[in-house]
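> just coords:
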């Protein structure tokens, strides 16, 4: 029996115990949320065997908001070591999962090495490589698409993105858009469907995909091939059409005992974020929501880690469970190591800020410790507690006065005055 | 008659016409909001004379959200040219106002040069220099405090922060805090009040200060000397005590025909932001709200431009009118030129994202133009429209494929596929 089957029978597994313990939630409550499909535990049977210290991860109701880091080669830049370094930097900076989206170089080798070297769950999007292996999108058969998925599952991926919700009937709605389709998987499938005049093979073969995923307890991440790529296209008919199909597919996965999460937008103005989360939670029956952003303005290439942190914090506050990071390179190029670091840290800031706002027990402890160190002008402790200790230390040391103050307020340091007054008061 | 007197009589001024025109709002509506104290127009009579191309600025109801950049020397780093460069970079990157918070070097000269060189409104916080000039905080007389204010007004500052709301009776509430007082002005005043066992001289002499401000139509920015310095202290009794006093003082200013804005927090968890804005708008009768942040988590020194962009966007969406930028150096040191640039751009992203969410007419045009350029893979136009064209261009060129795509998706570029499909469709 896999995780979901056991949860439905109310039986705990070692993975559930690990997650409940780590998240400080009751085991019964976790099992109940899993049984209802509101929480998933990422852990492929194969990945557990490949990596002895692999850590299962819970995502969903009442749990800490999780952060994913996207890495992967492209034809322009394909190096195994570079990708392994991105994996290391992602884990070091607190990513909860990593997705390998490689499309260049020895894709098989890169993916296998990433999985073998990762103690945290790995996700992949099999369609890119399936197209690459075939060499020609338009000639791909249904079997080619399915074989691509099987290969990734057999390599030990913990969750796979499958764009099964993009149906042929949605194409007229896409034509009304300003940006069209901005998901690579979505665009490839629509091009294939138009050329071959056939339904999305991932939709028609969804049952087969579920069987493959179930074999090793791989979680389905239902891709949003039609996520809006600009504010103008946000919450439009095409997006909502796909969301309804995803709701139907999620039910099928759940019935077949395959764990499932739903992917979401994208570019969404701030005032539509709450509505988007509510719609997903309603249509998809509270299943975990995995959002890419949302980015709240289109005008800031080079700063989209920030535009997405704004949207991501609010999305998580309203109920999204899992944030896919965006790096400063979004819309401009493939992220390098420093972009990965910046992306992970920024997304973690968003996730943590939302955890606090949601009243998650223990989330605020970290902030209170930092504030206590600040009130005491204890720089060593402030650096230790900082989300990026190296940067905090470097920034202070660029221009530090000789005493305990910092160069911003110097002798007018209000914290120093407060500390003195506190001491006067105590004596 | 000054701006507010004229507004109360329904008479337009050249400044009002300029603002209405620039903001694309009706002149009558602007005058009405000014007459009700919901909108201010920053423009000192002296600054207008000192700088021929000075541009008055409207802040408040139905107007674009504004952004302030804080510059200024400290004893650790005091250079006139450095501060003038910060002014230039602030204006170049779209700051709407600049505050000179200098506390080191030739403070008078720095302030005067900044005002003389600035086409946008300048704000100052006279208390720092007043203390510096006296050389000893505790011996300062009421006259010393007032003389400091007069000097800044006579130099042509457009708005002044006065921490008149910190009353002696609030001190026991401050003692309950984790971080105490984190506003420099607030801390200096509390120390003075305790030592001299007297009421806040800015409170007791508020009428005199109003007369000085009125002379040259300087706007009062009622400082929040008790803004919370950590999440634990957010929305606490001390903060709300001061806010009520600020409401009372704002009424007095309004009755004396002095324009007034209210300063606000600070460190506030995301779920308390709406409540904070609603309280200010209620207690201060819809007067413009000028927030510093709010920062939504305490654990990210080095990234507080981001934590404040998250809070600032939400604050502005709920009704704050004016965002004070926070730079990456916040809590660590005095910002340098690049920190100023980063701070201004990040705050503008927050302001613009909120303008879109509030449905401000024309705010979304910029985004739609960018999305149209993106859909067309028109990089030249994308760079031109980017909030920081240089950075966008540099990031793309670090790793650009030979064709129109970018190195992130390369040959799998979904935008390219969408563009092809659009062309097939059109032909």
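Cool, got the structure. Remember, predicted model here, so these are calculated numbers, not experimental data. Numbering: from 1, shown residues only, chains lettered A, B, ... in the order given.
> Let me see the domain layout of chain A.
A:3-359, A:362-426 (automatic domain parsing).
> okay, these in TSV with mean neighbour count and mean pLDDT next?
Placement of C-beta: from N, CA and C, glycine included. As requested, the domains of chain A are exported to TSV (neighbours: other CB atoms under 10 Å in any protein chain shown; pLDDT from 0 to 100):
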stretch	mean neighbour count	mean pLDDT
domain A:3-359	22	97
domain A:362-426	18	91
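> quick one: contacts for the closest residue to chain B within the stretch 101-250 of chain A?
Among all residues of the stretch 101-250 of chain A, residue A:180 sits closest to chain B, at 2.9 Å; criterion: CB to the nearest CB. By CB atoms under 8 Å, 6 or more residues apart in numbering or on different chains, the contact set of residue A:180 is A:174, A:187, A:229, B:375, B:414-415, B:417-419, B:421-422.
> quick one: contacts for residue A:112?
By CB under 8 Å, 6+ apart, the neighbours of residue A:112 are A:155-156.
> Reduced to three states, what does it come out as?
helix (DSSP: H, G, I helix; E, B strand; the rest coil).
> Against residue A:213, how distant is it?
Counting by CB to CB, to the nearest Å, the gap between residue A:112 and residue A:213 amounts to 19 Å.
> ok, of the contacts of residue A:180, which one's closest to residue B:394?
Distance to residue B:394 across those (CB to CB) is lowest for residue B:415, with 20.6 Å.
> Sticking with the closest one, tell me its helix or strand.
Element membership for residue B:415 (DSSP states H and E) is helix B:414-426.
> Against which helices or strands is that helix packed?
helix A:184-196, helix B:363-375 (3 or more CB pairs under 8 Å, 6 or more residues apart in numbering or on different chains; DSSP states H and E).
> Might you calculate how far that helix sits from the centre of the chain?
Between the mean C-alpha location of helix B:414-426 and the chain-wide mean there is a distance of 44 Å, by CA atoms, centre = their mean, to the nearest Å.
> That one versus helix B:363-375: what angle between them?
On the basis of axes from the mean of the first three to the mean of the last three CA atoms, to 10 degrees, helix B:414-426 is oriented at 90 degrees to helix B:363-375.
> Run the angle between helix B:414-426 and helix A:184-196 for me.
Interaxial angle, helix B:414-426 versus helix A:184-196 (the same axes, to 10 degrees): 30 degrees.
> so what's residue A:153 up against?
Residue A:153 touches A:44, A:46, A:160, A:212-213, A:215-216, A:218, counting by CB under 8 Å, 6+ apart.
> Filter those down to the ones in helices?
A:46, A:212-213, A:215 (DSSP state H).
> Just give me the closest of those residues to residue B:279.
Once CB to CB is applied, the member of the ones in helices among the contacts of residue A:153 that ends up nearest residue B:279 is residue A:213, at 50.3 Å.
> In which helix or strand does residue A:37 reside?
Assigned by DSSP H and E, residue A:37 belongs to no helix or strand.
> in which helix or strand would I find the nearest residue to it once chain neighbours are set aside?
Spatial nearest neighbour of residue A:37, chain neighbours left out: residue A:254 (4.8 Å); criterion: CB to CB, 6 or more residues apart in numbering or on different chains. Residue A:254 is part of helix A:237-255, with elements assigned from DSSP H and E.
> angle of that helix against helix A:184-196?
Computed with the same axes, to 10 degrees, the direction of helix A:237-255 lies at 100 degrees from that of helix A:184-196.
> From the contact counts, what lies against helix A:237-255?
helix A:171-174, helix A:206-215, strand A:219-222, strand A:260-264, helix A:273-283.
> Nearest to residue A:51, out of the ones you listed?
Per CB to CB, nearest to residue A:51 of these: strand A:219-222, 16.7 Å.
> Measure how far that closest one is from the centre of its chain, please.
12 Å.
> can you list contacts of it?
A:40, A:42, A:123, A:158-162, A:164-165, A:209-210, A:213, A:246, A:249-250, A:253, A:258-263, A:290.
> now do 6 Å
With contact meaning CB atoms under 6 Å, 6 or more residues apart in numbering or on different chains, strand A:219-222 is reached by A:40, A:42, A:159, A:161, A:165, A:213, A:246, A:249, A:253, A:258-263.
> Just the residues contacting the helix holding residue B:415, thanks.
A:180-184, A:187, A:191, B:377, B:405.
> Closest one to residue B:70 out of those, please.
residue A:182 (37.6 Å).
> Can you tell me how far the residue lying closest to residue A:71 once chain neighbours are set aside is from residue A:306?
Excluding its sequence neighbours, the residue lying closest to residue A:71 (CB to CB, 6+ apart) is residue A:86, at 4.0 Å. Look at residue A:86 and residue A:306: by CB to CB, they are 21 Å apart.
> can you check residue A:406 too?
Separation of residue A:406 from residue A:306 (CB to CB): 24 Å.
> again, but for residue A:180
Counting by CB to CB - residue A:180 and residue A:306 are separated by 25 Å.
> Equivalent analysis for residue A:185, please.
Distance from residue A:185 to residue A:306, by CB to CB: 26 Å.
> helices or strands next to the biggest helix by length in chain A in the packing?
Criterion DSSP H: the longest helix present in chain A is helix A:337-357. Identification of packing neighbours for helix A:337-357 by 3 or more CB pairs under 6 Å, 6 or more residues apart in numbering or on different chains; DSSP states H and E yields strand A:66-71, helix A:80-92, helix A:304-318, strand A:322-324, helix A:363-375.
> Now distance to residue B:358 too, for those, in a markdown table please.
As requested, the helices and strands packed on helix A:337-357 are exported to a markdown table (distance: least, CB to CB, whole Å):
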| stretch | distance to residue B:358 |
| --- | --- |
| strand A:66-71 | 29 |
| helix A:80-92 | 36 |
| helix A:304-318 | 14 |
| strand A:322-324 | 24 |
| helix A:363-375 | 29 |
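> show me what contacts residue A:181?
Here residue A:181 is in contact with A:187, A:190, B:414, B:418 (criterion: CB under 6 Å, 6+ apart).
> run the last query once more with 7 Å
A:174, A:187, A:190, A:225-226, B:414, B:418 (CB atoms under 7 Å, 6 or more residues apart in numbering or on different chains).
> Now distance to residue B:98 too, for those residues, in CSV please.
Below are those laid out as CSV (distance: CB to CB, whole Å):
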residue, distance to residue B:98
A:174, 46
A:187, 45
A:190, 49
A:225, 46
A:226, 44
B:414, 42
B:418, 43
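> Among those residues, find me the one that's closest to residue B:358.
Distance to residue B:358, by CB to CB, is smallest for residue A:226 among the contacts of residue A:181, at 27.1 Å.
> mind checking the SS state of the closest one?
Taking three-state DSSP, the label given to residue A:226 is coil.
> what does the one 3 residues further on give?
Assigned state for residue A:229: coil (three-state reduction, three-state DSSP).
> Skip the chain neighbours and tell me the closest residue to it.
Nearest non-adjacent residue to residue A:229, counting by CB to CB, 6+ apart: residue A:182, 3.1 Å away.
> how about the one you found, secondary structure?
From three-state DSSP, the assignment for residue A:182 is coil.
> Now do the contacts for it.
A:227, A:229, B:414-415.
> how about these in CSV, adding distance to residue B:62?
CSV is the format used below for the contacts of residue A:182 (distance: CB to CB, whole Å):
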residue, distance to residue B:62
A:227, 33
A:229, 30
B:414, 38
B:415, 36
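> So for residue A:340, what's the nearest residue that isn't a sequence neighbour?
Here the nearest residue to residue A:340 in space, its sequence neighbours aside, is residue A:86; by CB to CB, 6+ apart that works out to 4.8 Å.
> Many thanks, we can stop here.
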